[in-house]
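Q: when you get a sec, could you give me coordinates for this:
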Amino acid sequence: MTPEDHTAISDLLNRHGHLIDSGDFDGAATLFTPDAVYDVTALGGGILVGATAFREAALALGDANPVAHHVTNIVLEEAGPDRVHALSKGLGVMTNGTVGSVTYEDTIERVDAGWRITHRIVHPRRRPLHP
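A: You can find the predicted model right below:
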């Protein structure tokens, strides 16, 4: 993975919160492959496949969505010439001021359009010192 790849992948992950928080679902869809899997089972949302499912789930949550998503602590591990595993932390700020923490576990692949997320698992962080 080149330094340019590292920057492009980090930017990809960082853009997620900006696009989702502004309700730009079309922009957010460009971060993922068309058949991307978004696993929010641990949050009660099941497994979502594709941008339409992502959009519908977010709209169904309505005001229960966080008002701000923050991604931090990005760690990238090369998994092949065009594949990277990414681990990052997410903080979600709710309308009442409470904050939740998750870990994002992503598979990211280089496609014709550039680096895109093909699979994401969201793990909520509810207990300290626990995987």
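Q: need the contact partners of the longest helix anywhere in the chain.
A: Determined from DSSP state H, the single longest helix within the chain is helix 3-21. Here helix 3-21 makes contact (CB atoms under 8 Å, 6 or more residues apart in numbering) with 1, 25, 27-28, 31, 58, 65-71, 74, 76, 84, 86, 88, 90, 104, 106, 108, 110, 114-117. (Each C-beta comes from the backbone N, C-alpha and C, glycine too.)
Q: helix or strand for Ser101, which one?
A: strand 99-111 (DSSP states H and E).
Q: now do that strand against helix 3-21, angle only.
A: Angle of strand 99-111 versus helix 3-21, following axes from the mean of the first three to the mean of the last three CA atoms, to 10 degrees, is 130 degrees.
Q: out of the contacts of helix 3-21, which are buried?
A: Taking 16 or more other CB atoms under 10 Å as the criterion, what is buried in the contacts of helix 3-21 is 1, 25, 28, 31, 58, 65-66, 69, 71, 74, 76, 84, 86, 88, 90, 104, 106, 108, 110, 115-117.
Q: strands of this structure, residue ranges please.
A: In the chain, the strands defined using DSSP state E lie at 32-39, 47-49, 68-80, 83-93, 99-111, 114-125.
Q: now these in CSV, with distance to Leu13 and mean pLDDT?
A: Listed next are the strands of the chain as CSV, based on distance: least, CB to CB, whole Å; pLDDT from 0 to 100:
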stretch, distance to Leu13, mean pLDDT
strand 32-39, 12, 97
strand 47-49, 18, 98
strand 68-80, 5, 97
strand 83-93, 6, 97
strand 99-111, 7, 97
strand 114-125, 8, 97
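Q: dump these into JSON lines; add distance to Leu19 as well.
A: Converted to JSON lines, the strands of the chain look like this (distance: least, CB to CB, whole Å):
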{"stretch": "strand 32-39", "distance to Leu19": "11"}
{"stretch": "strand 47-49", "distance to Leu19": "16"}
{"stretch": "strand 68-80", "distance to Leu19": "9"}
{"stretch": "strand 83-93", "distance to Leu19": "14"}
{"stretch": "strand 99-111", "distance to Leu19": "15"}
{"stretch": "strand 114-125", "distance to Leu19": "12"}
